[in-house]
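**Q** Build me a model:
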Amino acid sequence: MGYSSSEIISEFQKYYGKDASFKEGQLEAVEAVLNNQRTLVVQKTGWGKSLVYFLATKMIRKNSQRKFTIIISPLLVLMNNQIESAAQLELDVRTINSENQNEWENIIEDTSSGIVDALIISPERLANEDFKQELSSHLASKIGLFVVDEAHCISDWGHDFRPDYRRIVDLVNLLPRNVPVLATTATANNRVIEDIKVQLGQDIVVSRGPLIRESIAIQTIQLNSREERLVWILDHINEIPGTGIIYCLTVNDCKLVDRWLKSNGIDSEAYYADMDTEEKNTVVEKFMDNKIKALSATVAFGMGFDKPDIGFVIHFQKPGNLVAYYQQIGRAGRKLDEAYAIMLYGNEDDEINEYFIDSAFPTEKDMDEVIDVVVKNPGKNKRSIAGLTNMKATRVEKCLKNLEVNGDIYLENRGYYKTPRPWKPDLEKSKKITELRYKELENINQYAVTKTCYMEYIAKELDDNTAMTCGKCSNCLHRKLFETDISQDEFDRAKKFIKDDYNVIKPRKQWPDTDCYGSIRIPSDLQNQQGLVLSNYGDAGWGRVVSQNKYKDNYFCDDLVEASAELLDPFVKDNEIESLTFIPSLRRPELVKDFAERLAKRMGLEFFEGIKKDKDTICQKELNNSRKQWENADESFVVVNIRNENTLLVDDMVDSGWTLTVCGYKLLAEGNGKIYPFALANSAGKGL
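**A** Okay, the predicted model is just below:
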């Protein structure tokens, strides 16, 4: 395109001020893009990678107004932040995502007619047949710049590899060579860079800068129990200026930390994947506007939150690898002189991380099962396929995604079909990546106890040959940034809090599919009411007591009866509950029945046996998807008695909730009063 450095600088200063200057490497990266060179930018968070492609877009648009930039970006919130940053250059940037389908037609029309400067899409959009058709038939010839943001996701060896990113490479290879391609990331070591080169071209220009984050002061602290970590956070959170993030490995811990902070007068919110969009947007708005002190989040609060004044990032548990850790702490201190990154770590961290590693790839058995269902039931949708397997819906989705991207199956009119290609799993590759993940876990374990500079350790892990000591971390200063002692009184208070903590059992409003009782919807008058669960199974507090009592003692102790009654007393009173029944078992017929009888007596409720289990079916915990769990519960239980009054329905464990849902439905269908479920423990699996 023949742009000179002076032209680029002039355009930059037009929007950022006559005294504005590029950061080291930014001008060269823009020049490479404008000279049609495929470019990979590996720079630390906060460096300004989006400036490179938006400034290049501005200059391409000046030269050819019909050309637009397409940006592949992995997260909706990242898209929104990019749109805001593009406004500085007066660019019209739009996004096509799952939440604005009613706008797609207008956006594509505006893009095609030259109104839109840049279009941001998720890699998942490339799996949409309608969008791919629109892209190939109307928009492909008008692409002036192709951008892959968070490009480490392309690489199988990147910490956050995503199968949908494979589709990007196929699309890039179809582009004319005169269309510049820019890939950006903050987290690529030499292995990942080489893999990106293989996929995007060996002639790609690599713009690589130092990864040391000068503003971040790091400390790691070993605290083995959740109680100790809760106390530490409460003791120190107000010492740290500004708003920050507390990362948790599981949703349950995310909620626990949030409730603990709120109960102690700290303005806090939680953020995790399974929240509705409106709720997420409200939480993010509060966080961005500094209306809360802390955001307790899973990794669902991921890449691209461009907030320059985050004062701290605390890890409630150790992450699975240093690369993800670096990306997460890199959200702090982008425009601050000092910010803090504190990693709390302890005994259960590796168990959780190993769970994520082991479940990352579908097994050969999983893939075989899904392939078999697709072959025998061509045209079935995702939900139907899941119902025909004994796998969790999320596991089926992973299988379908991998099989589709690999070319083993294809999607047409929302139904899946087998391609002529013979099915053969690449188990060797999965094995090697899994082995790498375990090595990365071992590496972050070593990092947690290192006596050397933390930031230098991370930079070397990312193959930064400019790595040097930071001079700010606790190891460099040879002193603690924050004290680590925990008082016994506060520990006991946190322990009581965890014991008293409980979850809500939300009523299910639809069946797994339309074959269940003839309709997908559960009529409102046949739905359970919202219920309560005393604990998280196996957790500190009552969760451990439930585990011990069920599997070792075969008797739920009186302390559990009393704890349940204390929790339920106001709930029973508020909802005018008068009777209590339970979910029976053929394997341990007296366990829940005996507990339910004692609980009813303690609370002054009428006890009755409303449900009978007349078939010894497989344990619900051995079934992995909703359809199978519904079938199992439906054929196991029959109603033998009802009460025309509000009733507490008691079980020891709740996981998917289908047993309580089906039994409640059957009681209500026979004329029982409202059903309020209660369980001693939530045994649902780990989630993000």
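**Q** How many residues are close by S5?
**A** Using other C-beta atoms under 10 Å, S5 has 12 other residues around it. All C-beta spots, glycine's among them, are computed from the backbone N, C-alpha and C.
**Q** swap in I204?
**A** I204, neighbours per other C-beta under 10 Å, totals 19.
**Q** Could you find the closest non-adjacent residue to the residue positioned nearest the centre of the chain?
**A** The residue lying closest to the centre of the chain (C-alpha atoms, centre = their mean) is A300, at 3.2 Å. Nearest residue to A300, sequence neighbours excluded (C-beta to C-beta, 6 or more residues apart in numbering): A273, at 4.1 Å.
**Q** Make sure the one you found is indeed in a strand.
**A** No: using DSSP: H, G, I helix; E, B strand; the rest coil, the assignment for A273 is coil, not a strand.
**Q** pLDDT score for it?
**A** A273 carries a pLDDT value of 82.
**Q** in which helix or strand would I find the nearest residue to P362 once chain neighbours are set aside?
**A** Spatial nearest neighbour of P362, chain neighbours left out: C399 (4.5 Å); criterion: C-beta to C-beta, 6+ apart. Using DSSP states H and E, C399 maps to helix 393-406.
**Q** so what does the next helix or strand after that helix touch, helix or strand wise?
**A** Per DSSP H and E, the first helix or strand lying C-terminal to helix 393-406 is strand 409-412. Judged by 3 or more C-beta pairs under 8 Å, 6 or more residues apart in numbering; DSSP states H and E, strand 409-412 is in contact with helix 393-406, strand 415-418.
**Q** now, of those, which is deepest in the fold?
**A** helix 393-406 (a mean of 20; mean count of other C-beta atoms under 10 Å).
**Q** Would you map the strands across the stretch 151-300 of the chain?
**A** 181-185, 205-208, 216-222, 243-247, 268-271, 294-297 (DSSP state E, counting those that start in this stretch).
**Q** Could you dump the ones you listed into TSV with distance to N672 added?
**A** TSV is the format used below for the strands of the stretch 151-300 of the chain (distance: least, C-beta to C-beta, whole Å):
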stretch	distance to N672
strand 181-185	57
strand 205-208	67
strand 216-222	52
strand 243-247	43
strand 268-271	35
strand 294-297	39
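**Q** Show me the one of those that comes nearest D195.
**A** Among those, the nearest to D195 by C-beta to C-beta is strand 181-185 (11.5 Å).
**Q** Direction included, what does the closest one pair against?
**A** strand 39-42 (parallel), strand 143-148 (parallel) (DSSP bridges).
**Q** Show me which positions of the longest one end up buried.
**A** To tie it back to what came earlier, the one meant is strand 143-148. Within strand 143-148, the residues scored as buried using 16 or more other C-beta atoms under 10 Å are I143, G144, L145, F146, V147, V148.
**Q** Can you check what angle separates the host helix or strand of F312 from strand 243-247?
**A** For F312, the host element (DSSP H and E) is strand 310-315. Strand 310-315 and strand 243-247 are oriented at 10 degrees to each other (axes from the mean of the first three to the mean of the last three C-alpha atoms, to 10 degrees).
**Q** So what touches strand 310-315?
**A** 233, 237, 240-247, 294, 325, 328-329, 331-334, 336, 339-345 (C-beta atoms under 8 Å, 6 or more residues apart in numbering).
**Q** could you flag which of those residues are buried?
**A** Among those, those buried by neighbour count (16+ other C-beta under 10 Å) are 233, 237, 240, 242-247, 294, 325, 328-329, 331-334, 336, 339-345.
**Q** In helices, which of those fall?
**A** Among the buried ones among the contacts of strand 310-315, the ones falling in helices (DSSP state H) are I233, Y325, Q328, I329.
**Q** Which one of these is nearest to T111?
**A** Q328 (33.8 Å).
**Q** Contacts only, for that closest one.
**A** So Q328 contacts I245, Y247, V299, V313, H315, P319 (C-beta under 8 Å, 6+ apart).
**Q** Now that the first one has come up, it's in contact with T298, right?
**A** No: under the criterion of C-beta atoms under 8 Å, I245 lies out of contact with T298, with a separation of 10.6 Å.
**Q** Break the chain down into its domains, please.
**A** Residue ranges for the domains of the chain, per automatic domain parsing: 5-208, 216-354+435-495, 359-424, 502-682.
**Q** low pLDDT regions in the stretch 301-450 of the chain?
**A** 302-305 (pLDDT under 70).
**Q** where along the stretch 501-650 of the chain do the strands fall?
**A** 503-505, 531-536, 579-582, 606-607, 611-613, 637-639, 647-654.
**Q** can you list the ones you listed in TSV and add distance to S112, mean pLDDT and mean neighbour count?
**A** Shown next, in TSV, are the strands of the stretch 501-650 of the chain (distance: least, C-beta to C-beta, whole Å; pLDDT from 0 to 100; neighbours: other C-beta atoms under 10 Å):
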stretch	distance to S112	mean pLDDT	mean neighbour count
strand 503-505	47	86	17
strand 531-536	51	91	24
strand 579-582	62	97	25
strand 606-607	69	97	16
strand 611-613	60	93	18
strand 637-639	57	95	18
strand 647-654	51	95	25
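**Q** I'd like a version of those strands in TSV, one that adds distance to D195 as further columns.
**A** Converted to TSV, these look like this (distance: least, C-beta to C-beta, whole Å):
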stretch	distance to D195
strand 503-505	41
strand 531-536	39
strand 579-582	55
strand 606-607	63
strand 611-613	54
strand 637-639	52
strand 647-654	43
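**Q** what packs against the helix or strand harbouring A32?
**A** A32 is located in helix 26-34, with elements delineated by DSSP H and E. The helices and strands touching helix 26-34, judged by 3+ C-beta pairs under 8 Å, 6+ apart, are helix 5-16, strand 39-42, helix 49-63, strand 205-208.
**Q** pLDDT (mean, whole number) over the second one?
**A** The predicted model assigns strand 39-42 a mean pLDDT of 93.
**Q** Same check on the longest one?
**A** Helix 49-63 shows a mean pLDDT of 89 in the predicted model.
**Q** which other residues reach that helix?
**A** Contact with helix 49-63 is made by 1, 3, 7-8, 11-12, 15, 26, 29-30, 33-34, 41, 43, 67-69, 71, 82, 85-86, 89, 91, 117-118, 144-145, 147, 149, 180, 182, 184, 186, as judged by C-beta under 8 Å, 6+ apart.
**Q** which stretches of the stretch 451-600 of the chain form helices?
**A** 454-461, 474-477, 488-500, 542-548, 558-574, 591-603 (DSSP state H, counting those that start in this stretch).
**Q** Any buried residues in the longest one, and which?
**A** By neighbour count with 16+ other C-beta under 10 Å, helix 558-574 contains the buried residues L560, V561, A563, S564, A565, L567, L568, V572.
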